[in-house]
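Novice: heads up, no residue letters with this:
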């Protein structure tokens, strides 16, 4: 679908982070890609690199590879009830996705680990977050 990146099909509703999380949770994750091939995650109305306002939804690959990761041992206040967490940035082609690592011990993670995106609830406010699970 080629359309202004800020719009759903039919141009009626802005694409926001919650819409993107819904798509990832249902297995239909996507990125927004300009004609020059620069990829972004919503919300985005303009390509930050080239300024194009024509962005197309491209399916997010089913898996990506861990580029970097870290362990957070002192959580932000809203996650203070949780133990240390591992967070990774994974390459999904035209975009990189940041998420909590699940289903793997921190010491077993390494660059190149193949992961799949998902969505879980976390934090004191029960907010939705992106998770990355080893394949």
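Specialist: It's in. Just so you know, these numbers come straight off a predicted model, no measurement behind them. Residues are numbered from 1 along each chain as shown.

Novice: Need the residues that contact stretch 28-47.
Specialist: Stretch 28-47 has contacts (CB atoms under 8 Å, 6 or more residues apart in numbering) with 4-6, 14-17, 19-20, 23, 48-50, 52-60, 92-95, 97, 117. Heads up, the C-betas are built off the backbone N, CA and C, glycines and all.

Novice: Which entries within those meet the buried criterion?
Specialist: Under a neighbour-count criterion of 16 or more other CB atoms under 10 Å, the subset of the contacts of stretch 28-47 counted as buried comprises 5-6, 15, 20, 23, 55, 57-58, 60, 92, 94-95, 97, 117.

Novice: Select from those every entry located in helices.
Specialist: In helices, judged by DSSP state H, the following of the buried ones among the contacts of stretch 28-47 are found: 20, 23.

Novice: can you give me the helices in this structure?
Specialist: If you assign secondary structure with DSSP H, the helices in the chain sit at 17-25.

Novice: what bits of it have low per-residue confidence?
Specialist: Flagging of the chain using pLDDT under 70 yields the residue ranges 1-14.
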